[in-house]
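> need a 3D model of the following:
(one chain, ligands or ions: 2)
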Amino acid sequence: MQERLENGLVVRVTGGEVWVRIGQETVACSQRGRSRVRESALAVVAGDRVTVLRESAGVGSLEEVLPRNSWLSRYIDRDGSERVVVANIDRLFVVAATADPPLRYGFVDRVLAAAEWGHIRPCIVINKMDLAEPGQWEELRAAYAPSLYELIPTCAETGEGMAELTGRLGDGVYAFAGESGVGKSSLLNQLDPELDLVVDDVAEKTGRGRHTTTNSQLFRFRDGFLADTPGMQTFSFPGTDEYEVVRCFPDIRHIEGPCRYNPCTHSHEPGCRVKEAVEQERIPASRYQSYLDILTGIRERAKKKQW
Ligand code: GDP
Ligand code: ZN
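Ligands and ions are numbered 1, 2, ... in the order given. Predicted structure coming up:
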């Protein structure tokens, strides 16, 4: 078989191998080619667009990782760095429940901020609308109106909101993130009853890679792909610079006019336009609190690193 370079999409990464979707086929690739070229080459993740050199049927070697349009990353405490979980996500659905588990604005806002950080377009799914308290929906609307994030009310039990979700799914790569118990699996089952999150088709067919730990993977999902988002329970914002957090809060970022101090972290400084906007309720209190919590997290990390 003649060797040729082809473009593909990474669907699974295990310790040693990278599974790449090329057309309707999945090819198991080694990373030999890459380490030869560049020792410190970027770690490849699910969702990466790559070029592959085919070696024989179903086998190839990964040659190049193409630049990413977007990425979802998190902060890893253990090594004090940002780790990319999945790349080239077209839309991130941040799922929360009205109750059971109780809605935590802080968690939702951390994931939203991480999406902004990685240039992903997020929208918010409010599930378990059947359990909503009177006034809760209006409160949520008020909290997210200035950010312009879309808010989609759903109920996985009755199918409410499924048409709205379906309308946002095409042939791209999608991810659903949220605390456990909010109803992600229930929603995904409603959207695609064929989806098998336990064993993906590649491992099924070949029997390989079944019991190896995967870093991240993509599943066939309707006309596109679904990216899994492992370990979102304790999700930390990926950035490490206090001054960069505001970029990830569109409602805070859009406050006009300079603060007295430049740069300003918009937390303790006098003459801060952001604090003024919070007092005037132009920035929702819950959003500002989430912003402050992320800043606190970053400061604590910085202190830890000094020790
Ligand atoms: P996941 O951990 O986010 O994947 O959540 P699951 O899909 O496993 O759902 C957790 C529990 O919530 C299950 O008992 C579901 O039946 C229940 N559930 C999911 N969606 C709804 C909903 O819209 N309304 C109500 N009342 N319960 C729901
Ligand atoms: Zn300020």
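> now do the helices in the stretch 201-307 of the chain.
Using DSSP state H, counting those that start in this stretch, the helices of the stretch 201-307 of the chain run over 201-206, 250-253, 273-279, 285-306.
> now do the third one: which elements does it pack against?
Contact analysis of helix 273-279 by 3 or more CB pairs under 8 Å, 6 or more residues apart in numbering; DSSP states H and E lists helix 285-306 as its packing neighbours. The C-beta positions use only the backbone N, C-alpha and C, and glycine is treated the same way.
> the last one too?
Applying 3+ CB pairs under 8 Å, 6+ apart, one finds that helix 285-306 makes contact with helix 105-117, helix 136-144, helix 250-253, helix 273-279.
> now do it: distance to the chain's middle.
Centre-to-centre, helix 285-306 and its host chain are 20 Å apart (CA atoms, centre = their mean, to the nearest Å).
> quick one on the thing from earlier: deepest-packed of the helices and strands packed on helix 285-306, please.
helix 105-117 (a mean of 23; mean count of other CB atoms under 10 Å).
> for the residue nearest to residue 294 when sequence neighbours are not counted, phi and psi?
Among residues not flanking residue 294 along the chain, residue 237 sits closest, at 4.9 Å (CB to CB, 6 or more residues apart in numbering). Main-chain dihedrals, residue 237, degrees, to the nearest 10: phi -60, psi 130.
> again, but for the one 4 residues further on
Note on residue 241: its backbone torsions stand at phi -110, psi 120 [degrees, to the nearest 10].
> low pLDDT regions in the stretch 1-150 of the chain?
For the stretch 1-150 of the chain, the stretches with pLDDT under 70 are 1-3, 33-42.
> mind doing that once more with 80?
Residue ranges of the stretch 1-150 of the chain with pLDDT under 80: 1-4, 15-16, 32-42.
> for the stretch 151-300 of the chain, what lies in contact range of ligand 2?
259, 264, 266, 272, 274 (CB under 5 Å from the ion).
> the second one contacts residue 272, doesn't it?
By that I understand residue 264. Yes: using CB atoms under 8 Å, residue 264 makes contact with residue 272 at a distance of 5.7 Å.
> now the strands for the stretch 1-150 of the chain?
5-14, 18-22, 25-30, 49-56, 59-65, 71-76, 81-87, 91-97, 122-127 (DSSP state E, counting those that start in this stretch).
> residue 189 and ligand 2, how far apart?
Separation of residue 189 from ligand 2 (CB to the ion, to the nearest Å) stands at 45 Å.
> and residue 220, what's its pLDDT?
What the model reports as pLDDT for residue 220 is 90.
> what sits opposite it in the beta ladder?
Taking DSSP bridges as the rule, residue 220 bridges to residue 225.
> can I get the helices of the stretch 201-307 of the chain in TSV with distance to residue 139 and mean pLDDT?
Shown next, in TSV, are the helices of the stretch 201-307 of the chain (distance: least, CB to CB, whole Å; pLDDT from 0 to 100):
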stretch	distance to residue 139	mean pLDDT
helix 201-206	42	52
helix 250-253	16	96
helix 273-279	17	97
helix 285-306	9	92
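> let me have those in CSV, extended by distance to residue 113.
Shown next, in CSV, are the helices of the stretch 201-307 of the chain (distance: least, CB to CB, whole Å):
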stretch, distance to residue 113
helix 201-206, 33
helix 250-253, 10
helix 273-279, 15
helix 285-306, 6
